[in-house]
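1. here's my sequence, what's the structure:
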Amino acid sequence: MNQPDILCMGEPLAEFVRRDDAIGENHDHGPFYKQGFGGDTSNAVIAAARQGACTGYITALGDDPFAKSLIDLWGSENVDTKHVALSEDAPTGIYFVDPVPDGHEYTYFRKNSAAALMTADDLPLDYIASAKILHISGISLAISHSARDAVFAAIKHAKANGVMVSVDTNLRLKLWSLEDAQTTIHQAMKDIDIALPSYDDATLLTGLTDNDEVIDFYHDLGAKIVALKLGSDGCRLSCCDERHDIAPFPVNAVDSTAAGDTFGGAFLAELLKTDDAKQAAKYACAAAAICVTNYGAVNAIPHRKQVEKMLETADDGSAVQSLSLAASRINDLL
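-> The predicted structure follows:
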């Protein structure tokens, strides 16, 4: 396998999703949980791979059956796993997803997981230096102090070697306090290339509610490209002194799991392919729209042919409204 262009770093998880549509809660044996896999950066790396990008993953797993299945999964998706470590002393993290009236309730069993015990000494520095993009998330920073140190060391090494850095906020307050999250995520966002905040995260992290003020906040930290994910309202992109409203693609949404991760992976893959952030944001919105029409994490992530078909049938005239201030190529900034 070739040296990956996009590297993701974080924690994958074994996933158990309660499916009352398959076997009801009153079944003699209790509720039914469908087993799969999740974890935000794992979802993102699979999303990027399914769009045709050359990808790799940096993480650690327990030496358990979940690890074998995850490695097989990534291998089937052409995600390079040469720097996925196995630990005999710590497990692979797991989580349970229970549908509730207003969305989902998540229960995690990830404390002292193999990924949480990663350290800066575990980093494959040459591997990182040879990539084009390093992608991390707020969860990558939150799972433990040692993992946080490893992520900051990876960011520093990537910057020193001209590798673009992408950060998705992915705020999970079950993992840490809001104050800790604000300090740490803002630090990670300093002088990076690509910020991928979601609106709900950003309002908590910044205290701001206006889209442009949120975008300005991340630019002021140093981000060159900001793609503010607005859920069912699409995306607002800021890059090269231009701002673009990317309209949502109308779909029948059934499950938002992995939609933001799909956006991130698809955005990075398309950005490398086209060197056009506006096109990448439109492409990513289409990918995320397809994702929410299916259940679960990995199974819902679309492949390139599906995304291209949606783009071909979309009304281009209404899909993108641009607010242009000046023109410049992305590579002039990165």
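
2. what about the helices in the stretch 101-250 of the chain?
-> 125-129, 138-142, 145-160, 178-188, 199-206, 211-221 (DSSP state H, counting those that start in this stretch).

3. go through the ones you listed and name the closest to residue 117.
-> helix 145-160 (6.3 Å; C-beta to C-beta). Where C-beta positions appear, they are placed from N, C-alpha and C, glycine not excepted.

4. any idea how far apart the tips of stretch 106-120 sit?
-> 29 Å (C-alpha to C-alpha, to the nearest Å).

5. meant to ask about stretch 221-232
-> 27 Å.

6. buried residues in it?
-> 221, 223, 224, 225, 226, 227, 228, 229, 230, 231 (16 or more other C-beta atoms under 10 Å).

7. likewise stretch 111-120?
-> 113, 114, 115, 116, 117, 118, 120.

8. identify the residues contacting that stretch?
-> Residues outside stretch 111-120 that contact it (C-beta atoms under 8 Å, 6 or more residues apart in numbering) are 10-12, 59-62, 85-87, 89-93, 110, 143-144, 146-147, 149-150, 152-154.

9. quick check on these: which are buried?
-> Buried among those by 16+ other C-beta under 10 Å: 10-12, 59-62, 85, 87, 90-93, 110, 143-144, 147, 150, 152-154.

10. can you tell me which of those residues are in strands?
-> 59, 60, 61, 62, 85, 87 (DSSP state E).

11. so what's the second one up against?
-> Contact analysis of residue 60 by C-beta under 8 Å, 6+ apart lists 84, 85, 86, 87, 90, 114, 115, 117, 118, 122.

12. same thing with residue 254?
-> 292, 293, 294, 295.

13. the closest residue to the first one other than its chain neighbours: neighbour count?
-> Spatial nearest neighbour of residue 292, excluding adjacent residues (C-beta to C-beta, 6 or more residues apart in numbering): residue 253 at 4.1 Å. Residue neighbour count, defined by other C-beta atoms under 10 Å, stands at 15 for residue 253.

14. hang on, residue 253 in a helix?
-> No: going by DSSP: H, G, I helix; E, B strand; the rest coil, the assignment for residue 253 is coil, not a helix.

15. please name the residues that touch it.
-> Neighbours of residue 253 in contact, by C-beta under 8 Å, 6+ apart: 232, 292, 293.

16. I'd like the distance between it and residue 266.
-> 17 Å (C-beta to C-beta, to the nearest Å).

17. likewise residue 212?
-> Distance from residue 212 to residue 266, by C-beta to C-beta: 24 Å.

18. low-confidence regions, the protein specifically.
-> The chain contains residues with pLDDT under 70 at 21-29, 315-334.

19. which residue lies nearest the spatial centre of it?
-> residue 261 (3.4 Å; C-alpha atoms, centre = their mean).

20. quick one, what contacts the nearest residue to it once chain neighbours are set aside?
-> Spatially, and ignoring its direct neighbours in sequence, residue 261 is nearest to residue 43 (3.5 Å; C-beta to C-beta, 6+ apart). With contact taken as C-beta under 8 Å, 6+ apart, residue 43 is in contact with 258, 261, 262, 265, 297, 298, 301.

21. want to try JSON lines for the helices of the stretch 101-250 of the chain, with distance to residue 20 as columns?
-> Listed next are the helices of the stretch 101-250 of the chain as JSON lines, based on distance: least, C-beta to C-beta, whole Å:
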{"stretch": "helix 125-129", "distance to residue 20": "43"}
{"stretch": "helix 138-142", "distance to residue 20": "27"}
{"stretch": "helix 145-160", "distance to residue 20": "34"}
{"stretch": "helix 178-188", "distance to residue 20": "32"}
{"stretch": "helix 199-206", "distance to residue 20": "26"}
{"stretch": "helix 211-221", "distance to residue 20": "37"}
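
22. of all those, which one is nearest residue 284?
-> Nearest of these (C-beta to C-beta): helix 199-206, 15.0 Å.

23. may I have the closest one exported as PDB, CA atoms only?
-> C-alpha atoms of helix 199-206 as PDB (Å, rounded to 0.1, in the frame of the first residue of the first chain):
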ATOM      1  CA  TYR A 199     -22.600  24.700  15.000                       C
ATOM      2  CA  ASP A 200     -23.800  23.000  18.200                       C
ATOM      3  CA  ASP A 201     -20.300  22.400  19.400                       C
ATOM      4  CA  ALA A 202     -19.100  25.800  18.400                       C
ATOM      5  CA  THR A 203     -21.800  27.700  20.200                       C
ATOM      6  CA  LEU A 204     -20.800  25.900  23.500                       C
ATOM      7  CA  LEU A 205     -17.000  26.300  22.900                       C
ATOM      8  CA  THR A 206     -17.000  29.900  21.800                       C
END
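
24. what's the burial count for the nearest residue to residue 194 once chain neighbours are set aside?
-> Here the nearest residue to residue 194 in space, its sequence neighbours aside, is residue 166; by C-beta to C-beta, 6+ apart that works out to 4.0 Å. Close neighbours of residue 166, defined as other C-beta under 10 Å, add up to 27.
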